[in-house]
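Trainee: Got a sequence here, can you model it:
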Amino acid sequence: MRHLRGIDYDVFSAGTNPTQVNQSAIEVMKEIGIDISGQKSKSIKEFIDKTFDVVVTLCDSAKESCPIFPGAKKIIHHSFPDPSKEYADFDERLEPFRETRDEIENWIKKNF
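Mentor: This next block holds a predicted model:
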């Protein structure tokens with residue numbers, strides 16, 4: 001979202017269970033010229049008191065556990081597959097991340 005529409009939106013990212021940024025995500029974003037290696041996983045709690053025009057959740061578990069943002073003018077949910085399964089083979093591990101990356105990109109282009 002930041003890469004495609006960052007000029008139109010202030011973009012923040014957080015998760016319900018912050019972890020390390022997945023190395024496979026870093027790799028597949030690098031393939032399209034986006035460096036997320038310096039990003040860190042943030043807790044949604046860091047943003048709970050902020051006011052947002054739009055809050056977007058991207059997976060069913062986030063929709064179920066996402067706190068209420070009373071100041072949000074609009075909440076959008078779209079479920080994308082979680083590509084973070086364990087795979088032994090490097091290329092096999094990257095393909096689900098590529099697919100999800102491309103699905104998210106197409107969804108953003110259509111909806112924002």
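Trainee: in this structure, what secondary structure element scores lowest on mean pLDDT?
Mentor: Scoring the helices and strands of the chain by mean pLDDT, DSSP states H and E places helix 60-65 at the bottom, with a mean of 64.
Trainee: buried set for the next helix or strand after that helix?
Mentor: Per DSSP states H and E, helix 60-65 leads on to strand 74-77 as the next helix or strand towards the C-terminus. With burial defined by 16 or more other CB atoms under 10 Å, not one residue of strand 74-77 is counted as buried. Just so you know, the C-beta spots here come from the backbone N, C-alpha and C atoms, and that holds for glycine as well.
Trainee: Then stretch 13-20?
Mentor: Neighbour-count burial for stretch 13-20, with 16+ other CB under 10 Å as criterion, is recorded at Ser13, Thr16.
Trainee: chain center to it: distance?
Mentor: On the basis of CA atoms, centre = their mean, to the nearest Å, the separation between the geometric centre of stretch 13-20 and that of its chain is 9 Å.
Trainee: start to end distance for that stretch?
Mentor: One end of stretch 13-20 to the other measures 13 Å (CA to CA, to the nearest Å).
Trainee: now swap in stretch 5-25 and tell me
Mentor: The separation between the terminal residues of stretch 5-25, taken as CA to CA, is 19 Å.
Trainee: That's all I had, so thanks and see you.
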